[in-house]
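Asker: pasting the sequence and the predicted coordinates here, then a few questions.
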Amino acid sequence: MIPPLHHGPLLLAAAADKVPGVTQQAVGYPTLFVLVMLGALVPVIPTGVLVSSSAVVAFHQSFPFPLLMVFASAALAAFLGDVALYWLGRRGMRSEHGSRWLNALRDRAPADRLEQARHKLDDNNVMVLVLSRLVPGGRIPVMLACLLAQMPMRTFVRGNLPACVAWAVTYQLIGILGGSLFPEPWQGVVAAIALTLLISGGPSLWRRLRRRGSETGEARA
């Protein structure tokens, strides 16, 4: 039976104490790379959790090679996944009937956030792309805005590269923080998961609560 996806980081931490270092690294880095790249293409895999959890495990190994490998694997996978998704989106834009990839982007980009992304894109392409990777739920609306603006692939790549680097650094620092707070890797993984979910899900939950509160206030009025 395949374990649920959200149990992956915990299993990774448990394996850290049982699998020899060389074998663990040989399996762990390619797995992280594949999962992060898939997460960039299919935005349902918690890639931030994977990176921060892997950083916890790497923090408890010999410094600094494991952390460098986690960073390189995550940043490169995120970059290639984004570029592949953008390329697929451009193909859909050129097609008369669109594509399922383009439709998936539209389904995951709320109208209000897409409009904000289109306005911000006019001011600074590179900075908007960087922030889109760091702001929870910001990557897909900005990518769709880039597609609608017919941004060339070269321009997208130039802005997406620092975005993926900043994203990998951010979630790796979360993992390092979790790893430094606790002596056991699994404890750090739990802390990193909690912090990552708080950062990624907190703003969305806050907006939802505010919207519900404003709707309730209007109904009472």
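Answerer: All right, it came through fine. Numbers count the residues shown, from 1 in each chain.

Asker: avg pLDDT for the one helix or strand V190 maps to?
Answerer: Counting by DSSP states H and E, the element that carries V190 is helix 185-220. For helix 185-220, mean pLDDT rounds to 64.

Asker: can you check stretch 151-169 too?
Answerer: 93.

Asker: check stretch 122-129 too.
Answerer: In the prediction, stretch 122-129 has an average pLDDT of 78.

Asker: which residues touch it?
Answerer: Applying Cβ atoms under 8 Å, 6 or more residues apart in numbering, the contact partners of stretch 122-129 are 117, 120-121, 142, 146, 151, 155-156, 158-160, 162-163. C-beta coordinates here come from the backbone N, C-alpha and C atoms, glycine included.

Asker: filter those residues to the buried ones?
Answerer: Those of these that meet the buried threshold are A117, K120, L121, V142, C146, M151, F156, G159, N160, P162, A163, by 16 or more other Cβ atoms under 10 Å.

Asker: how about TSV for those, with secondary structure and distance to N103 added?
Answerer: Formatted as TSV, the buried ones among the contacts of stretch 122-129 follow (DSSP: H, G, I helix; E, B strand; the rest coil; distance: Cβ to Cβ, whole Å):
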residue	secondary structure	distance to N103
A117	helix	18
K120	helix	24
L121	helix	21
V142	helix	18
C146	helix	17
M151	coil	19
F156	helix	20
G159	helix	24
N160	helix	22
P162	helix	29
A163	helix	24
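
Asker: got the residues you listed as TSV, with distance to L76 columns?
Answerer: Listed next are those as TSV, based on distance: Cβ to Cβ, whole Å:
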residue	distance to L76
A117	25
K120	27
L121	25
V142	20
C146	21
M151	22
F156	16
G159	16
N160	12
P162	13
A163	13
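
Asker: which of those residues sit farthest apart?
Answerer: A117 and P162 (17.5 Å; Cβ to Cβ).

Asker: what's around L173, how many residues?
Answerer: The number of residues packed near L173 is 12, by other Cβ atoms under 10 Å.

Asker: just give the nearest non-adjacent residue to it, would you?
Answerer: Leaving out its chain neighbours, the residue that sits closest to L173 by Cβ to Cβ, 6 or more residues apart in numbering is A55, at 7.9 Å.

Asker: contact partners of the helix or strand harbouring the one you found?
Answerer: Using DSSP H and E, A55 sits in helix 47-59. For helix 47-59, contacts defined as Cβ under 8 Å, 6+ apart pick out 6, 8-9, 12-13, 16, 28, 32, 35-36, 39-40, 66-67, 69-70, 74, 78, 167-168, 171-176, 178-180, 185, 188-189, 191-193, 195-197, 199-200.

Asker: check which element follows that helix along the chain.
Answerer: Past helix 47-59, the next helix or strand by DSSP H and E is helix 65-94.

Asker: can you name the next helix or strand after that following helix?
Answerer: helix 100-107.

Asker: that following helix vs helix 65-94, what angle?
Answerer: Helix 100-107 runs at 100 degrees relative to helix 65-94, counting by axes from the mean of the first three to the mean of the last three Cα atoms, to 10 degrees.

Asker: other SSEs contacting helix 100-107?
Answerer: helix 65-94, helix 139-148 (3 or more Cβ pairs under 8 Å, 6 or more residues apart in numbering; DSSP states H and E).

Asker: format those as JSON lines; extra columns: mean pLDDT.
Answerer: Putting those into JSON lines (pLDDT from 0 to 100) gives the following:
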{"stretch": "helix 65-94", "mean pLDDT": "93"}
{"stretch": "helix 139-148", "mean pLDDT": "91"}
